[in-house]
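Colleague: Fold the following for me, if possible:
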Amino acid sequence: MPAYIIALEVINDREEFEKYRKGVRGSLDKYKGQVLVSSEDAEVIEGEWPHTKTVVIRFSSVEEAKRWYESPEYQEAVQHRFRAAVTQLIVVEGIA
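Modeller: Next up is the predicted model:
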């Protein structure tokens, strides 16, 4: 069953965030993660949206998404995001 990592981010340091972005690219291939959404242009049609960036990444399963998140490659890159942004991040199972 497919799974999705959904990240809602408020970016505070663009330079540091760019280092994170570059590191993430290489980490996704090994775990077959596919970026479906990476946008700073969300149009709010209901409620409030205080986030700078919205990201959705597809994986083959929740387990594979977690393997990617916990991988040494991603854990190295994510240190830059920790310094650059405030993030809410979830993993959800998709519909077959």
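
Colleague: I'd like to know which elements the lowest-mean-pLDDT helix or strand in the chain is packed against.
Modeller: Of all the helices and strands that make up the chain, helix 14-30 has the lowest average by mean pLDDT, DSSP states H and E, namely a mean of 94. If contacts are counted by 3 or more CB pairs under 8 Å, 6 or more residues apart in numbering; DSSP states H and E, helix 14-30 sits against helix 62-70, helix 72-84. The way it works is simple: take the backbone N, C-alpha and C, and place the C-beta from them, glycine included.

Colleague: Using JSON lines, please lay out those helices together with mean neighbour count.
Modeller: Below are the helices and strands packed on helix 14-30 laid out as JSON lines (neighbours: other CB atoms under 10 Å):
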{"stretch": "helix 62-70", "mean neighbour count": "16"}
{"stretch": "helix 72-84", "mean neighbour count": "16"}
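
Colleague: who wins for proximity to residue 4 among the ones you listed?
Modeller: Proximity to residue 4, assessed across the helices and strands packed on helix 14-30 by CB to CB, is greatest for helix 62-70 (7.6 Å).
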